[in-house]
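**Student:** What follows is a predicted protein model with its sequence.
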Amino acid sequence: MTSIGTGYDLSNSVFSPDGRVFQVEYAGKAVENGSTSIGIRCKDGIVLAVEKITVSKLLKLGANKRIQTVDKHVGVVYSGMNPDGRHIVTRSREEARHWRDQFREQMPIPTLAANVASYVQLYTVYNSVRPFGVNTIIGGVDDEGSHLYMIDPSGKSWGYRGAASGRGRQTVNNELEKLDFDKLTAAEAVKEAARILYVAHEDNKDKDFELEISWVTEANGRVHEFVPESLLAEAKIYAEEQLDADVEG
Amino acid sequence: MSIVSQSPYVDMKALKKGEVNLGTSIMAIKFKDGVILGADSRTSMGAMVANRVTDKLTKVHDNIWCCRSGSAADTQAVSEYVRLYLDQYKINYGREPTPKTAAALFRKLCYENKNVLTAGIICAGFDEKTGGEIYSIPIGGSVHKQDYAIAGSGSSYIYGLCNTHYKQEMSQDEAVEFVKMSLTQAIRWDGSSGGCIRMVILTKNGVERLLFTPQEYQLN
């Protein structure tokens, strides 16, 4: 960072002369260094995955969950500042609960994503607050089918077939583009998500990491839950095999 | 609240002196192609008939309607709120609200304001996905999904009649005949029901209204 900002980066509520809001862009920087997370939207559901770097050997394996459930049919994963992410999850849950209370039905996921994005956007226009330092990936299945959205610190919300965020996003995007989302089943997507996270981790080999994968599928009754232990183990073996094959090839 | 508040009777004591009351016979039934709502057309103020051609069948959305009983003022206000919310739902979220959602809104208004309202409502609608649906929301603000629902002061005379004669998957002609026959008996025995019989038929083809004058439906 050279002389960028030059005084125009001190407040959310001030544009720079060339039309940028630097605080929002800096929040994007916080995300770029965050842990790699993935969302995949396939024909029968969605898969969420995250690479959790083990920062200390004292951390208990499996104890620090990063993927969270918003409503029965919706899951969320985020890259960036974890406490900010948890706040967004809390807000998302309030949105979903309010919808249920009012209309006695599950909240449509496009509406949920739009409302959460509006909330994130509010934190870019007041100088008494800072933007959220997270990219939020929201995925789920409702009556209209499977949905995947990614919300960035500016409050922009786009729908994706495959979404990636965090440190390894570039590698992940390259790998995601090779997938055929029309044919991919959720079970296959779980394996691919594991493989892709292993590939992305290659740039960061010296650090240990844990894999966390969840899904919502038609077959499991549109419920957001962590994938079964057996499938997770299978996915890890598949990922390692593919990685070895790549190295040899 | 006592058990009495769950009954289909309109709680006359809850009405203010001289308040316009829908002493009523209303019903809604599911049939093969959708739902039919039916009602008498009498509005009374105590012993006086304030309106003999009232329309108690009220539209809250294109294919979602309700039958109103209890205080005319209260039920008009509640159904106008629901109409507003359903319109906003369609505009804000770009999709059609379901009859279930309409019933949820009626419930919310009737339950949360149960201390000040006298409203017994039957909410019925047709939805492409679920077909016809009927929700009864009696005075306490509970919701009951039913194949057919009857309410209002006149309904107490036709519980057995409807129970005996209602069949699932009736044709439209059979269903119209069933509603007409049931309401005829309710009007015959209930002093505060009378006038015409109105019906609204909701199917995938849209809305159809029917009107039967006393000359057309009365047996004697």
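**Tutor:** On my side now, so go ahead.
**Student:** Check the gap between the residue in chain A that chain B sits nearest to and A:His98 for me.
**Tutor:** Nearest residue of chain A to chain B: A:Arg104, at 3.7 Å (Cβ to the nearest Cβ). Placement of C-beta: from N, CA and C, glycine included. Separation of A:Arg104 from A:His98 (Cβ to Cβ, to the nearest Å) stands at 12 Å.
**Student:** Just give the nearest non-adjacent residue to B:Met170, would you?
**Tutor:** Spatial nearest neighbour of B:Met170, excluding adjacent residues (Cβ to Cβ, 6 or more residues apart in numbering or on different chains): B:Phe31 at 4.5 Å.
**Student:** so the one you found makes contact with B:Glu169?
**Tutor:** Yes: counting by Cβ atoms under 8 Å, B:Phe31 touches B:Glu169, with 7.2 Å between them.
**Student:** who are the neighbours in contact with B:Ser192?
**Tutor:** B:21, B:23-24, B:42, B:44, B:153-154 (Cβ atoms under 8 Å, 6 or more residues apart in numbering or on different chains).
**Student:** Per-residue pLDDT of it, please?
**Tutor:** With respect to pLDDT, B:Ser192 scores 89.
**Student:** And for the one 3 residues further on?
**Tutor:** For B:Gly195, the pLDDT comes out at 94.
**Student:** thinking again about what came up before, run a quick neighbour tally on the residue nearest to B:Met170.
**Tutor:** For B:Phe31, the neighbour count with other Cβ atoms under 10 Å in any protein chain shown is 25.
**Student:** helices or strands up against the helix or strand containing B:Glu177?
**Tutor:** Per DSSP states H and E: B:Glu177 is located in helix B:172-189. The contact analysis (3 or more Cβ pairs under 8 Å, 6 or more residues apart in numbering or on different chains; DSSP states H and E) places helix B:172-189 against strand B:26-31, strand B:34-39, helix B:159-165, strand B:197-203, helix B:214-217.
**Student:** Just put the ones you listed in TSV and tack on distance to A:Val129.
**Tutor:** Shown next, in TSV, are the helices and strands packed on helix B:172-189 (distance: least, Cβ to Cβ, whole Å):
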stretch	distance to A:Val129
strand B:26-31	51
strand B:34-39	50
helix B:159-165	60
strand B:197-203	49
helix B:214-217	67
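**Student:** rank these by mean pLDDT and give me the bottom one.
**Tutor:** When I compare these, helix B:214-217 is least confident, with a mean of 92.
**Student:** And for that helix, what's in contact with it?
**Tutor:** B:180, B:183-184, B:194-197.
**Student:** One more pass at 6 Å, please.
**Tutor:** B:180, B:184, B:197 (Cβ atoms under 6 Å, 6 or more residues apart in numbering or on different chains).
**Student:** Pipe those residues into a markdown table and attach distance to A:Tyr149 and neighbour count per row.
**Tutor:** Below are the contacts of helix B:214-217 laid out as a markdown table (distance: Cβ to Cβ, whole Å; neighbours: other Cβ atoms under 10 Å in any protein chain shown):
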| residue | distance to A:Tyr149 | neighbour count |
| --- | --- | --- |
| B:Lys180 | 52 | 17 |
| B:Thr184 | 56 | 20 |
| B:Ile197 | 51 | 26 |
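**Student:** Now do the contacts for A:Lys72.
**Tutor:** By Cβ under 6 Å, 6+ apart, A:Lys72 lies in contact with A:Val223.
**Student:** Try it again at 10 Å.
**Tutor:** A:96, A:100, A:106, A:140, A:216, A:221-225 (Cβ atoms under 10 Å, 6 or more residues apart in numbering or on different chains).
**Student:** Pull out the buried positions in stretch A:194-209.
**Tutor:** A:194-201, A:209 (16 or more other Cβ atoms under 10 Å in any protein chain shown).
**Student:** Could you list which of those belong to strands?
**Tutor:** A:Phe209 (DSSP state E).
**Student:** pretty sure A:Asp101 is in contact with A:Asp71, am I right?
**Tutor:** No: look at A:Asp101 against A:Asp71 with Cβ atoms under 10 Å: they stay out of range, at 12.0 Å.
**Student:** More neighbours: the two, which one.
**Tutor:** A:Asp71 (20 against 10).
**Student:** Contacts for the helix or strand of chain A with the lowest mean pLDDT next, please.
**Tutor:** Scoring the helices and strands of chain A by mean pLDDT, DSSP states H and E places helix A:229-248 at the bottom, with a mean of 91. Helix A:229-248 has contacts (Cβ under 10 Å, 6+ apart) with A:49, A:186-199, A:201-202, A:211-213, A:215, A:226-228.
**Student:** tell me which residues form a beta bridge with B:Ala39?
**Tutor:** Note on B:Ala39: beta-bridge partners by DSSP bridges are B:Ile26, B:Arg198.
**Student:** Next one: the residue nearest to the spatial centre of chain A from B:Gly141, what distance?
**Tutor:** Closest to where the C-alpha atoms of chain A average out (Cα atoms, centre = their mean) is A:Ile137, at 3.4 Å. Per Cβ to Cβ, A:Ile137 is found 39 Å from B:Gly141.
**Student:** Repeat that for A:Gly39.
**Tutor:** Distance from A:Gly39 to B:Gly141, by Cβ to Cβ: 41 Å.
**Student:** So which of the helices and strands packed on helix B:172-189 is nearest A:Ser157?
**Tutor:** A:Ser157 sits nearest to strand B:197-203 of all the helices and strands packed on helix B:172-189, at 36.3 Å, using Cβ to Cβ.
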